[in-house]
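A.B. asks: Turn this into a model:
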Amino acid sequence: MSDIQDFEQRINAALERIRQAAETLGAGVPSGAQIDPDELATLREALDTERSANAQLEDRVRAIRERQENQVTQLELRVSKLTARADSADQELARLRIVNARLRENNAALRAANAEGLGDAGLINDGVAAELEAMRALRDGDRAELDAIIGELTTLTQEESASA
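C.D. replies: As a prediction, this is how the structure comes out:
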């Protein structure tokens, strides 16, 4: 960015010198006098050179600005995807906590029934169902995590392919 500022300062300084030279020529030339064609050609050449440099700088600034806008758009999209993945993982974690709490409650009831010497088939069925639900929740959580990893790897491979 400092290169652009340096170029801009050089262009402005050159344009100021040209303006001063033009004023000097205009003020110092009496009516009917001739302007030195070589000096005029030199000034025009310097003006054309500075205009060309200015146009190149404007093109570079435009390209940099477009690249930055593209990167910001890509980062915003990536943040959006990561936020969605985090929300999904949070939902799975909440579900897993609920299922595990149910499983703990059911296991506590089973231990109490066994301590009293009572075997309750309903509590056993509830325990097995809660354990099955916990396993499903764990599997869904693992799947969400794998999907996040696959999504990140896909993004990285696409970025690598695009830059190659």
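A.B. asks: Name the nearest residue to Glu92, ignoring sequence neighbours.
C.D. replies: Distance criterion CB to CB, 6 or more residues apart in numbering; nearest residue to Glu92, sequence neighbours excluded, is Gly141 at 4.2 Å. (Each C-beta comes from the backbone N, C-alpha and C, glycine too.)
A.B. asks: Just the element for the one you found, please.
C.D. replies: In the assignment (DSSP states H and E), Gly141 maps to helix 121-163.
A.B. asks: buried ones in stretch 132-152?
C.D. replies: By neighbour count on 16 or more other CB atoms under 10 Å, the buried set for stretch 132-152 is Glu133, Ala134, Ala137, Gly141, Ala144, Ala148.
A.B. asks: Which strands or helices does the longest helix anywhere in the chain pack on?
C.D. replies: Longest helix in the chain by number of residues, with DSSP state H as the criterion: helix 37-115. Other elements packing on helix 37-115 under the criterion 3 or more CB pairs under 8 Å, 6 or more residues apart in numbering; DSSP states H and E are helix 2-28, helix 121-163.
A.B. asks: How many residues are close by Glu76?
C.D. replies: Neighbour count of Glu76, defined by other CB atoms under 10 Å: 10.
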